[in-house]
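**Student:** following is a predicted model, sequence given first.
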Amino acid sequence: MSFLGWPIEQSPIDERRSCWRKKIATDLLELFSKTFPDVTYDLLWESPTINAQAWLLGSVRYVRVYGGLVRHAAITRSGLALAIAHETGHHLGGLPRDPDEAWITWQGQADYWAAGTAMPLIFGSNARKATLRGARQLLKLHEDLASLFDEGDEPDLSPQCRYAIFVAGALGSEFPSCAKAEFRRNYQREYPGN
């Protein structure tokens, strides 16, 4: 675990595969930068952290991807793209907002926006296939990493519910009931559009 409690990679990959994965990540980040120019994207390649994050510094929106996520065996181009789309969704995904951080779109809504809005802009007619593949990869990654978190540090949405959100967004279906229920349980208010 990193000093922030984020998981880190345990076994490095060979040099050839590492170079290939870095190219995939930089190409995706360039594509996201062109598609969403109001967000600044970067790759912290040397970091073993298995994560990506969105943050705001003044009025500048940032998305960072860490090398440990890019190099993780469960993640391919589709999974990485969906993770980047999710982080972009924290900035651009709309309501509802996270009650603890008023500027950031809530986790479940960021997932839904990523699958239904960002991925089609990035992948066009191949978006549904890429999103569903990426959702399976992120489900596996979240399930694999779940055991590393203490009960108090667990995210408000289960890996299975997040998978359901991604699928609903990709298929243009209604926001899943599991996510609406978690939103109500954690934030004691109705999910917008309910």
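**Tutor:** Structure's in. What do you need? Bear in mind the structure is a predicted one, so any value in this text is a computation, not a measurement. Numbers count the residues shown, from 1 in each chain.
**Student:** return the set of buried residues in stretch 112-129.
**Tutor:** 112-120, 122-123, 127-128 (16 or more other C-beta atoms under 10 Å). Yep, even glycine has a C-beta here, placed from its N, CA and C like the rest.
**Student:** which of these lies closest to A135?
**Tutor:** Closest to A135 out of the buried residues of stretch 112-129 is A115 (7.2 Å), distances taken as C-beta to C-beta.
**Student:** A73 versus that closest one, what's the distance?
**Tutor:** 23 Å (C-beta to C-beta, to the nearest Å).
**Student:** repeat for W55
**Tutor:** Using C-beta to C-beta, W55 is found at 27 Å from A73.
**Student:** mind putting the buried residues of stretch 112-129 in CSV, distance to C178 included?
**Tutor:** Output for the buried residues of stretch 112-129, formatted as CSV (distance: C-beta to C-beta, whole Å):
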residue, distance to C178
Y112, 12
W113, 17
A114, 17
A115, 15
G116, 17
T117, 21
A118, 21
M119, 21
P120, 23
I122, 26
F123, 26
A127, 23
R128, 21
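**Student:** biggest separation within those, which pair?
**Tutor:** The span of those, defined through C-beta to C-beta, is set by Y112 and F123 at 16.6 Å.
**Student:** okay, and which of the buried residues of stretch 112-129 map to helices?
**Tutor:** Among the buried residues of stretch 112-129, the members falling in helices are Y112, W113, M119, P120, I122, F123, A127, R128 (criterion: DSSP state H).
**Student:** alright, that wraps it up for me.
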